[in-house]
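# below are the sequence and a predicted model; questions follow.
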Amino acid sequence: MINIDEQILGYLKQLHMPSMRRCYQQIADQGRKEPLSYEQYLLELLKLECQARRQNRIDRNLRASKLPPSKTFDNFDKKRLPTKVAMHLNVLSDGSFLNRCEN
């Protein structure tokens, strides 16, 4: 008979949840030490999985951009841009237009 850990690992692999596979036992141990409810335990696992997926997506997009890792807005020479473009760059770089749903 397959034990519970093997079943959990199998289902997490089948569902493509690698971060939960790596961390579920550690979070379970933590839940035994500081009594976590089932919901809190599940929430911690889901948070870890979502954070890992977000970071993986960022890393994947950075690699796909083929930008050198040293390229950032902080070290970009805005003096090379025309004034109008430099102003637009400031607005675009802070991302505030996204909250206002503007193009």
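That came through, no problem.
# from now on I want contacts and neighbour counts done on CA atoms only, so please keep to that.
OK.
# any idea how far residue 72 is from the residue most central in space within the chain?
For the chain, the residue sitting closest to the mean C-alpha position, by CA atoms, centre = their mean, is residue 54 at 2.1 Å. Applying CA to CA, to the nearest Å, the value for residue 54 to residue 72 is 20 Å.
# next: residue 62.
Noted for residue 62: a distance of 12 Å to residue 72, by CA to CA.
# now residue 102: how far from residue 87?
16 Å.
# hmm, I was thinking of residue 38
Note on residue 38: its distance to residue 87, by CA to CA, is 50 Å.
# also residue 56?
Remark: distance between residue 56 and residue 87 (CA to CA) = 31 Å.
# ditto for residue 35
On the measure of CA to CA, residue 35 and residue 87 end up 53 Å apart.
# swap in residue 22?
From residue 22 over to residue 87 the distance is 45 Å, taken as CA to CA.
# for residue 62 and residue 72, work out which one has more neighbours and name it.
Per other CA atoms under 10 Å, whichever of residue 62 and residue 72 has more neighbours is residue 62, with 13 against 9.
# in what helix or strand does that one lie?
Taking DSSP states H and E as the definition, residue 62 sits inside helix 38-65.
# need phi/psi at residue 37.
phi -70, psi 170 (degrees, to the nearest 10).
# ok, now which ones touch it?
By CA atoms under 8 Å, 6 or more residues apart in numbering, the contact set of residue 37 is residue 31.
# so how far is residue 92 from residue 9?
43 Å.
# repeat for residue 18
Taking CA to CA, one finds residue 18 at 34 Å from residue 92.
# likewise for residue 37?
Going from residue 37 to residue 92 by CA to CA gives 43 Å.
# neighbours of residue 44, how many?
So residue 44, with other CA under 10 Å, has 19 neighbours.
# contact partners for the nearest residue to it once chain neighbours are set aside?
Nearest residue to residue 44, sequence neighbours excluded (CA to CA, 6 or more residues apart in numbering): residue 27, at 7.4 Å. The contact partners of residue 27, taken as CA under 8 Å, 6+ apart, are 41, 44-45.
# quick one, the helix or strand hosting residue 27 and helix 38-65 angle?
Element membership of residue 27, judged by DSSP H and E, is helix 18-33. Relative orientation of helix 18-33 versus helix 38-65 (axes from the mean of the first three to the mean of the last three CA atoms, to 10 degrees): 150 degrees.
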